[in-house]
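In: Can you look at this prediction? I've put the sequence above it.
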Amino acid sequence: MMIDPLSVFLLLISASTPILFAALGELVVERAGVLNLGVEGMMITGALAGFAAAYASGNPFLGFAVAALAGAAISLLFAALTQLFLANQVASGLALTLFGLGLAAMFGKPFEGVKAPAMPIGPLRINWIVWLGLIMVPVVWWFLNRTRRGLILRGVGENHEAAHALGYDVRLTRLAAIAFGGAMAGIGGAFISIATVLQWTEGMTAGAGWIALAIVVFSNWTAPGVLAGAWLFGGVTVLQLRLQAAGVAVPVQLLSMAPYLATIIVLVAISARQKYSRRAGAAAPGSLGTNFHALR
């Protein structure tokens, strides 16, 4: 059986798109010094809100816009807990994931069994949201490395006390980053429900948010690294489908454990990098996961 390399590559970038959006958003959040483990909850919220809006309006692009707003809105719950009430970021992020999954399960029942409207096809027979995801990679890189606001955000993430002493609003910067991360996660979730599965299914994100968290760490907190990591996981997905289509037996249990294994690796890696970042020269933001206490 002949394999068309171009077709395989197009499948790869399409399969990686949900994780790419979520990971780019989380990259900006973590560059601001915030660790949000609620990516899965924001993605499933965006998946439901986007699908509902697309189904009701018949316009998939409106669905993606609503998904971005829903993801940003639920992320602000995490922002309020961690930036205003100074709650623990890890616990708040896990709570956000559980809240998002429960919320989607409760309100998603009426949408089970219905189809999403068809997505318009762009160049090379892939839809426009895939292209938007690819465009966002250099946009995020440029923002973080070539703009004043991006450098301020990175400064807040590296040393929020120093940024505050220089007169920068640490909380406002982090609130904006968290909202952006939520919007990107919402779009990633909507891609699964509107452009991939084409219907609403409870729990359909299936650990994609945890994989996005892992990719941010593996990328050394860089946008090109996020793209490479997303394509790696996209390649694994395409390989799995190709093997199944070819009749090769692949244990489902082995594939199902991957998101959870990635979560464990992420938590261990974050802990190790925070401990040895200065000694090993790792790129983890210096204030990652640390709440900012404004001087009274």
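Out: Yep, that arrived.
In: pLDDT below threshold where in the stretch 101-250 of the chain?
Out: Confidence mapping of the stretch 101-250 of the chain against pLDDT under 70 gives the ranges 239-250.
In: hey, where'd the helices end up in it?
Out: Secondary structure of the stretch 101-250 of the chain (DSSP state H, counting those that start in this stretch): helices located at 128-146, 148-158, 160-165, 170-190, 208-218, 223-245.
In: okay if I get these as TSV plus mean neighbour count and distance to residue 268?
Out: Where you see a C-beta, it was placed from the backbone N, CA and C, and this is true even at glycine. As requested, those are exported to TSV (neighbours: other CB atoms under 10 Å; distance: least, CB to CB, whole Å):
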stretch	mean neighbour count	distance to residue 268
helix 128-146	16	26
helix 148-158	19	21
helix 160-165	17	25
helix 170-190	27	22
helix 208-218	27	10
helix 223-245	18	17
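In: mind putting those helices in CSV, distance to residue 30 included?
Out: Listed next are the helices of the stretch 101-250 of the chain as CSV, based on distance: least, CB to CB, whole Å:
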stretch, distance to residue 30
helix 128-146, 11
helix 148-158, 7
helix 160-165, 13
helix 170-190, 9
helix 208-218, 6
helix 223-245, 11
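In: so which of the ones you listed comes closest to residue 89?
Out: Closest approach to residue 89 among these (CB to CB): helix 170-190, 10.4 Å.
In: that older thread, and the helices of the stretch 101-250 of the chain: which comes nearest residue 71?
Out: Judging the helices of the stretch 101-250 of the chain by CB to CB, what sits closest to residue 71 is helix 170-190, at 2.2 Å.
In: relative to helix 148-158, how tilted is the closest one?
Out: Interaxial angle of helix 170-190 relative to helix 148-158 (axes from the mean of the first three to the mean of the last three CA atoms, to 10 degrees): 100 degrees.
In: Just the CA trace of helix 170-190, in CSV.
Out: Extracted in CSV, the C-alpha atoms of helix 170-190 (Å, rounded to 0.1, in the frame of the first residue of the first chain):
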residue,chain,number,x,y,z
VAL,A,170,1.7,42.2,38.0
ARG,A,171,-1.9,41.2,38.6
LEU,A,172,-3.3,42.8,35.5
THR,A,173,-0.5,41.3,33.4
ARG,A,174,-1.3,37.8,34.8
LEU,A,175,-5.0,38.3,34.5
ALA,A,176,-4.6,39.1,30.8
ALA,A,177,-2.3,36.1,30.2
ILE,A,178,-4.7,33.7,32.0
ALA,A,179,-7.7,35.0,29.9
PHE,A,180,-5.7,34.6,26.7
GLY,A,181,-4.7,31.0,27.7
GLY,A,182,-8.4,30.2,28.4
ALA,A,183,-9.4,31.6,25.0
MET,A,184,-6.8,29.5,23.2
ALA,A,185,-7.8,26.4,25.2
GLY,A,186,-11.4,27.0,24.3
ILE,A,187,-10.6,27.2,20.6
GLY,A,188,-8.6,23.9,20.9
GLY,A,189,-11.5,22.2,22.5
ALA,A,190,-14.0,23.5,19.9
